[in-house]
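**Q** Sequence unavailable; structure follows:
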Ligand code: NAD
Ligand code: ZN
Ligand code: ZN
């Protein structure tokens, strides 16, 4: 496809993204071209633009790993999708397919994995080149704008809940009720768990209640660990930390019941102190979790297609990205902003 497209580009870390006119990319052998309809704005995009993590993206790059669109052109040899399919171009952009992790469907940790909007250009653009083996297949009946948050925030919170191994009827704490957490509450309820929501913002906690949280704790007031232990009668079997704040991590370990599992998915740069005696003597598991595999992507989308999970979205134009990042940095985005790229 010839012509130019709009893209929001990170040219320097910690500086405003620049709206550029770039040539529409050409899909190579085994790749497809996706015309973007919508792309969610994940807190990870902000970490990427700030160069927060040890492995930094190469400048310049186009962020966005919640891009949903229509396949408009196929490179040679593509059979996994066809023109006109609605797909998502996720964080797990591609992987090798044959290492021990790929074979075990633990493909997000493949050493050859590429990351959408990070090591390859992503969805803050009118077109995205994608690997058809790794795109998300969007169920009929889900609008692009509604599907966007599910392909990162949705799958990550869903997989994180599974990794806690909390069983129906048991408690899960979800710490951080933003893009990931507001979906996490809905997945957890649909999976039969009792949910205790933790955030530092009363508005987010009110929202958590409306989404079905059984208990809410404000981590800014009093002793949040004691409050969670009281609400859950001794701590939660599962704890999922989505908060992009180091303080939430030590607290999350403290909120975990004996023999429970604390799953870390938030990615603020840095380290957090671990109370070794408590972890050992209470037999607590602490585990990281990184998006999910392709089957889990399909499962996470199916919950939404069945009406059990619905992303709460605020639409913004691509040109508003810098204002959106500013709000995200200050916790001022209620749930998820989705860039309405179709009307760019
Ligand atoms: P977000 O900004 O939408 O939401 C974060 C929420 O955490 C906000 O509601 C905020 O008020 C709350 N919060 C801040 N400090 C807190 C604290 N001390 N205690 C409790 N809550 C607190 O962010 P998001 O898009 O949901 O992403 C969250 C984090 O998850 C980011 O660090 C992101 O990079 C990471 N992430 C990880 C994965 C993964 O695969 N592991 C995938 C996606 C995002
Ligand atoms: Zn993300
Ligand atoms: Zn691999």
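**A** Here it is on my side, so go on. Only a predicted model underlies this, so the values are computations on that prediction, with no experimental measurement involved. Ligands and ions are numbered 1, 2, ... in the order given.
**Q** Residue of the stretch 151-300 of the chain nearest ligand 3, please.
**A** residue 293 (11.2 Å; CB to the ion). (Each C-beta comes from the backbone N, C-alpha and C, glycine too.)
**Q** Contact partners for that residue?
**A** Counting by CB atoms under 8 Å, 6 or more residues apart in numbering, residue 293 touches 92, 105-108.
**Q** So which of those are in strands?
**A** residue 92 (DSSP state E).
**Q** what sits opposite residue 286 in the beta ladder?
**A** Beta-bridge partners of residue 286, counted by DSSP bridges, are residue 262.
**Q** That one reaches residue 264, doesn't it?
**A** Yes: in this structure residue 286 lies within contact range of residue 264 using CB atoms under 8 Å: 6.8 Å.
**Q** neighbour-wise, which of these two wins?
**A** residue 264 (21 against 16; other CB atoms under 10 Å).
**Q** For that one, give its distance to residue 24.
**A** For residue 264, the distance to residue 24 equals 39 Å [CB to CB, to the nearest Å].
**Q** same question, residue 63
**A** In terms of CB to CB, residue 63 sits 18 Å off from residue 24.
**Q** do the same with residue 207
**A** Residue 207 is 39 Å from residue 24, by CB to CB.
**Q** Would you mind telling me which of residue 63 and residue 24 has the busier surroundings?
**A** Of the pair residue 63 and residue 24, residue 63 is the one with more neighbours under other CB under 10 Å, namely 30 against 18.
**Q** which residues touch the closest residue to ligand 1 within the chain?
**A** Relative to ligand 1, the nearest point of the chain is residue 178 (1.8 Å; CB to the nearest ligand atom). Contact partners of residue 178, counting by CB under 8 Å, 6+ apart, are 43, 199, 204, 242, 331, 333, 335-336.
**Q** out of those, who's near ligand 1?
**A** 43, 199, 204, 242, 331, 333 (CB under 6 Å from any ligand atom).
**Q** low-scoring stretches of the stretch 201-344 of the chain, by residue?
**A** The model of the stretch 201-344 of the chain has no residue with pLDDT under 70.
**Q** And the helices in it, which stretches?
**A** For the stretch 201-344 of the chain, the helices defined by DSSP state H, counting those that start in this stretch occupy 202-210, 224-231, 247-254, 276-281, 294-305, 321-329.
**Q** Does anything pack onto the fourth one? Which helices or strands?
**A** Same thing as helix 276-281. helix 247-254 (3 or more CB pairs under 8 Å, 6 or more residues apart in numbering; DSSP states H and E).
**Q** Tell me the buried residues in the helix it packs on?
**A** Buried residues in helix 247-254, counted by 16 or more other CB atoms under 10 Å: 248-249, 251-254.
**Q** what's the answer for stretch 123-137, then?
**A** By neighbour count on 16+ other CB under 10 Å, the buried set for stretch 123-137 is 123-132, 134-136.
**Q** just to confirm, which helix or strand has residue 101 in it?
**A** Using DSSP states H and E, the element containing residue 101 is helix 100-103.
**Q** Name the next helix or strand following that helix along the chain.
**A** Per DSSP H and E, the first helix or strand lying C-terminal to helix 100-103 is strand 114-115.
**Q** Give me the helices and strands touching that following strand, please.
**A** strand 92-94.
**Q** Can you give the contact residues for the strand it packs on?
**A** So strand 92-94 is in contact with 65, 107-108, 112-116, 119-120, 130-131, 133-134, 291, 293-294, going by CB under 8 Å, 6+ apart.
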